[in-house]
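Sequence plus the predicted model coming up.
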Amino acid sequence: MITMPQTIGMGTRFVIYGLLGWITEIIFTGTGSLLANSLHLTGHTYLWMFPIYGMAVFLEPIHDRIRTAPWVIRGIIWAAVIIMIEYVSGWLLAALIGFCPWDYTGESFFSVDGYIRLDFFPFWFAAGLIFEQIHDFLDTRLGSVRRNT
């Protein structure tokens, strides 16, 4: 007998994306530490990032709509969407708590208001394409998401 994967709720995917985002950010910043010649390999993230990464569950419908586009176009779309989300998230946090935890001010010529770095475009491009693979894996292994939960 063939059994189909059970459908999971958005809450479960929210947690999965939040945890994956934290892990990825810690590895990314730890690698940056190594590139800065620190053998401490200090990686970090912010508790604020968990819900921001978790909201990737709301990007799944975008992936479903653009999946037939060429990968270069999809990557550009993802980079643009992620940069917009990062900017809005940084702005909202600054408005709500008085500062943006990941303030990029003075770190790069490509920093915009300290909320985003346009030179991170290639990383977000790749992250979006990786997100697609994670989304497809979750659909295959855990079933399509129930959007009404």
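Cool, got the structure. Everything numeric in this text was worked out from a predicted model, so none of it was measured. Residues are numbered from 1 along each chain as shown.

Quick check: end-to-end length of stretch 55-74?
In stretch 55-74, first residue to last residue: 19 Å (Cα to Cα, to the nearest Å).

Which residues does that stretch contact?
Applying Cβ atoms under 8 Å, 6 or more residues apart in numbering, the set of residues contacting stretch 55-74 from outside is 10, 13-14, 17, 21, 77, 81, 85, 128-129, 131-132, 135, 145. In this view, the C-beta of every residue, glycine as well, is placed from N, C-alpha and C.

Give me the mean pLDDT for that stretch.
Mean per-residue pLDDT for stretch 55-74: 97.

And that stretch, what's buried?
For stretch 55-74, the neighbour count (16 or more other Cβ atoms under 10 Å) marks 56-57, 59-60, 62-63, 66, 74 as buried.

Stretch 113-130 too?
Per 16+ other Cβ under 10 Å, stretch 113-130 contains these buried residues: 114-117, 120-121, 124-125, 127-128.
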